[in-house]
Each structure stands twice: as structure tokens, then as C-alpha cells.
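Peer 1: below are the sequence and a predicted model for it; my questions follow.
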Amino acid sequence: MPIPMSVTSSVSTKNLPVVPRYKSLLGSMLLAANPIPILNSYLDTYGDTLILYIGGVRPTLLTRDPGLVQHILQKNHRNYPKSEFSHGIARYLGHGLLTSEGSYWLQQRRLIQPGFHRQRVAGLVEVMQAEINECLKPLERQLGQEEGAVEVAVHKLMTNTAFRIIARSTFSTNINNAELEQMSALLTAIQAFYVRTIRQPYLRPWLSLRNQFQQHDKLASELREMVRGYVRQRQQTAGSYDDLLQMLLDVRYEDTGEPMTEEQVVDEALILLVAGHETSANALSWMWYLLAQHPQVVTRMRTEMTQVLDGRSASFADLPNLGYSLQIVQETMRLYPPAWIVDRVAQEDDSYNGISLPKGTLVSAYLLGIHHAPSLWQDAETFRPERFAPEQMKQQPPYAYIPFGGGPRLCIGNQFALTEMQLVLLEMLRRFEVDWVEQPPIQLQPLITLRPRQEIRLQFRKRS
Ligand code: HEM
């Protein structure tokens, strides 16, 4: 999960083009609304790596150079912890994998990693399918009553689906529908507030005067207490569970043989909900947006589905034979990477290819910029899942495609996410036809993740 564009820093980085402060200042209002067009224009003007004074104050190194991003995330990752902007959200969400650092992070990562092994994800497919089915029921019902097509608010439907999938994969049946909705609303409110405080720091005194920080602390503790409730409930329930919460409760530290404390389990469960919710929801929404405009891609997908599935739902074992579904998901996340930017800060002086990176340099690895770079992608703006055919991808340089980040902090949920997205795609195409509805182009809303600014409206019809 990425962090929103940041605002302050204190370093002079030589050898790099600098966007003049006055330009940065003029752009800062636009940056708060939607940074993407303005960042793209700076990169097109000044080159793939530059210095930018966001908010006119602290310089940030912005880059779409895959080599430099690999240097920071992987080759010299020890020198580049996450910045204070990533850590700041810990105030509301606690210290789980996403927000922790150093030896504590490593210990937790080693502990939790096996829980995301392919086979563990395979064990969650039944839950995923059940939730997809549940989320599609209202649409099925509507289509049963009305002949023809039904217009669907796709982002709403996909947000609901992705949230239910991660929540039930974590807490199984302990959680009812009203609680699911309450949790989702709390998470959305907290994240939106946090992004505001980062992007528009000048609003902080006003927000403080209006007690907004305390109010959001209260929402955060409400959310935390909900999660704690599920953890306690589970500890008191007999029975076998195969979900992520049980995995967190069952793991033991190698050196002591001890389990995590309740506080740690709450932290990690909460972070899984946060990291695994909006990311997948947005990717799925953009996927339908693209598919409805590219019927030839849907046709090719259906041909593969007929060969492999012959009308039935896909199982985990089918997925390797449905390679085109993966390519569709991958190409969607190239054009619309849910984690559109990733922040780090240099701990010590460093350099890369003649670029000096003094201690304290704030680095924004601009994943969206890499995924759209014409130097890396032919017809970069065209939706073409064929480019992810395995032989084609071998020709891409490392780090040209990194929707899940890279290096040791690579998304731990990547297998989970790819599986859930393929299943949603396949199940919906099995049941419905999707049609484009005339609407103005949907704009980007890059908050913590890359959301569509407006609702995506598409028509769905029952397949005959
Ligand atoms: C399309 C879906 C997803 C995308 C694009 C995505 C992207 C990312 C990225 C880019 C990072 C690294 C951030 C950084 O280096 O600063 C990350 C980390 C993480 N993701 Fe995901 N993610 C997705 C889904 C999920 C899911 C479903 C889960 C949980 C089930 C999850 C859990 C995490 C966690 C816990 C981390 C922190 C890992 C660590 O630092 O050790 N993500 N994700």
C-alpha cells in the first residue's frame, strides 16, 4: 500500500534537475487535488528523476527510473526505510507489517510470510467464491426481475466485494454484515482524513481547532476494539478455522516458541484489512472500466474460459490454465497501479549512477510513472493484456512492472490479490455480459490508493 504525496524535507540533492520552487508552489494547489497530471508534466519536461518542492517547502526526489527504484527498494534497501508519511498512519492503524520497520518488521515478516504461501491462499478460495457469490446476488435478483440490462455502480460493487473477501478471509464467519459495513466506513473515514493531513498540511491548525484529530483517534480506537473483539471471541471458541486470524494466532516465534501478544495480533489483523481492501477494489473497478471498452479482450477471455471451464466456476487449480485472466489483471494494474507511489527516506549518504542521495533525501518511487513510460512500454496508454504473455515480459527490464512493490517489502498479499481478482473476473464473466455506458472519461483520484474519482457506471446483462 503506498503513501500519498508528501510535503516536507531538508536536503539539497545535486546533479538533478530541480523544478523551480515558484512552479512547485503554483502547482501545490493542483497537487492537492490530483498530483498525477502535474507530476507527469514535470517528468516529461525535466527527465525521469528530478527534485520537487512539494508545498514549496521540502525537496523530494521523484523518479520513474526503474533502475533507481530497484536500487532503493531492493539492492540497497537497508538504507531506505519508509518515510514518516508511511509511519504516520500508525497513529490510527497501529504497528502492523505495513507500518513497522527494522528488526521488528523483519521478525514479523518472517513469522507471517508462511501464512501467505500459495497453498494457504488456495485454502481461502472457497471463502472468496462464497463472498463473490453473495455480492453478486442482488444483481442476479435484479436481472431476474428485469428483462434486459441493469446499470451497475461498479466501484461500489467492487469495493464491497473486495472488503468482504478480505474481512471474511481474516475473520471467517465471526463477522456479520452490519459489522462489515461499519468496519469499511471507519476505515474509509480514517484514511481520507490521514491523506488530507499529509497533502494539505496548512489545514492542520484548523483541523486541530475543530477537534478532528481527536475525533479520528476515536474512530480508530472504535475500529481497533472491533478487531480486538473478534480476536477474543476466537480465542474463546472451540473449533477449527482456516482463516488469516487463526494463522496469526497459531504462529510461534522461532527463538522463544511464544505466540504474538493480543496487541500484536490486533495490529497485524487490522493492517491486513487496510492493505488488502482498497487496493484490490480499485484494481477490479478499473478492470471493468477497461473491459467494457475493449470487447475483443472479453471475447478472447471467453474463448479460454469455454476451453478450460466449459461453463463451471473456476477453482484454484484451474487458474494456471486461464493465463489470459492473469494478463488482464496485470495489464489493468500497469495502467492503474493501485499503489501508485511508494515513499522512502535515505538513512545515510548514498549515490546511484552519478546521482547523489544525501542522508535525509525523501524519495518518491513513482510506480504509475514507470508503468506509463514510453521508453519502457510500446503504446504505453493502450490496454493490451497480450503484452503480459510470458515470452513478451522476459524482454522487460527489471522493475519496469512493480504493482506490488519490490525487494524485501514486496506486498505479502500479492498471491492473495491476484487470485481474488482472477476469481472475480472469471465468475462475473461466467454470469454476465458487460456493456459500456456513455459517460465522460473517469478521472483519477490518487489518495492512499488510486481510486476512480467518479462512480463507474456499466451495464450488465445475464448471459444466455
Ligand atoms: C491489487 C492489490 C494489491 C496491491 C496493488 C498491493 C500493493 C502493495 C505494495 C506496492 C506494497 C509495498 C509498499 C511499500 O513498499 O512501501 C504492499 C505491501 C503490503 N501489502 Fe499489498 N497490495 C495489494 C493487495 C494486498 C492484499 C490483498 C493484502 C493482504 C491480504 C496485502 C497486504 C500487504 C501488506 C501486509 C504489506 C506490507 C508488507 C511489508 O512491508 O512487509 N496487500 N502492497
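Peer 2: Thanks, I have the structure now. Residues are numbered from 1 along each chain as shown.
Peer 1: residue numbers of the stretch 301-450 of the chain in contact with the ligand?
Peer 2: Applying C-beta under 6 Å from any ligand atom, one finds that the stretch 301-450 of the chain approaches the ligand through 338, 339, 342, 403, 404, 405, 409, 411, 412, 413, 416, 417. Quick note: C-beta positions are derived from backbone N, CA and C, even for glycine.
Peer 1: helix, strand or coil: sort out the second one for me.
Peer 2: When the structure is reduced to helix, strand and coil (DSSP: H, G, I helix; E, B strand; the rest coil), residue 339 reads as coil.
Peer 1: mind listing the strands for the chain?
Peer 2: Ranges of strands within the chain are 49-54, 58-63, 149-153, 342-345, 350-352, 355-357, 362-365, 432-435, 444-446, 450-452, 457-462, based on DSSP state E.
Peer 1: give me the mean pLDDT for the first one.
Peer 2: Which is strand 49-54. Averaged across strand 49-54, the pLDDT comes to 86.
Peer 1: in stretch 414-425, what counts as buried?
Peer 2: Buried positions in stretch 414-425, judged by neighbour count with 16 or more other C-beta atoms under 10 Å: 415, 416, 417, 418, 419, 420, 421, 422, 423, 424, 425.
Peer 1: so which of these are in helices?
Peer 2: Judged by DSSP state H, helices contain the following of the buried residues of stretch 414-425: 415, 416, 417, 418, 419, 420, 421, 422, 423, 424, 425.
Peer 1: which single one of those is nearest to the ligand?
Peer 2: The closest of these to the ligand turns out to be residue 417 (C-beta to the nearest ligand atom; 3.6 Å).
Peer 1: so the closest one touches residue 275, yeah?
Peer 2: No. Residue 417 lies out of contact with residue 275 (C-beta atoms under 8 Å); the separation is 9.5 Å.
Peer 1: which residues do those two both contact?
Peer 2: residue 411 (C-beta atoms under 8 Å, 6 or more residues apart in numbering).
Peer 1: now the residue of the stretch 151-300 of the chain found nearest the ligand: phi and psi?
Peer 2: Nearest residue of the stretch 151-300 of the chain to the ligand: residue 276, at 3.0 Å (C-beta to the nearest ligand atom). Backbone torsions of residue 276, given as degrees, to the nearest 10, read phi -100, psi 10.
Peer 1: that one: neighbouring residues, count only.
Peer 2: Residue 276 is flanked by 25 other residues according to other C-beta atoms under 10 Å.
Peer 1: and it, what does it touch?
Peer 2: 162, 166, 413, 416, 417.
Peer 1: and residue 463, how many neighbours?
Peer 2: Residue 463: 12 neighbours (other C-beta under 10 Å).
Peer 1: what residues are up against it?
Peer 2: 430, 431, 432, 433.
Peer 1: list buried residues within those.
Peer 2: With burial judged by 16+ other C-beta under 10 Å, the buried subset of the contacts of residue 463 is 431, 432, 433.
Peer 1: the ligand versus the first one, what's the distance?
Peer 2: This means residue 431. Residue 431 is 22 Å from the ligand, where distance means C-beta to the nearest ligand atom, to the nearest Å.
Peer 1: excluding its backbone neighbours, what's nearest that residue?
Peer 2: In space, and not counting its chain neighbours, residue 431 is closest to residue 463: 6.2 Å by C-beta to C-beta, 6 or more residues apart in numbering.
Peer 1: quick one, what contacts residue 158?
Peer 2: Counting by C-beta under 8 Å, 6+ apart, residue 158 touches 281, 282, 284, 285, 288, 424.
Peer 1: make it 7 Å
Peer 2: 281, 284, 285 (C-beta atoms under 7 Å, 6 or more residues apart in numbering).
Peer 1: how about the nearest residue to it, chain neighbours excluded?
Peer 2: residue 284 is the one closest to residue 158 (C-beta to C-beta, 6+ apart), at 4.0 Å.
Peer 1: same question, residue 96
Peer 2: Nearest to residue 96 is residue 271, by C-beta to C-beta, 6+ apart, at 2.7 Å.
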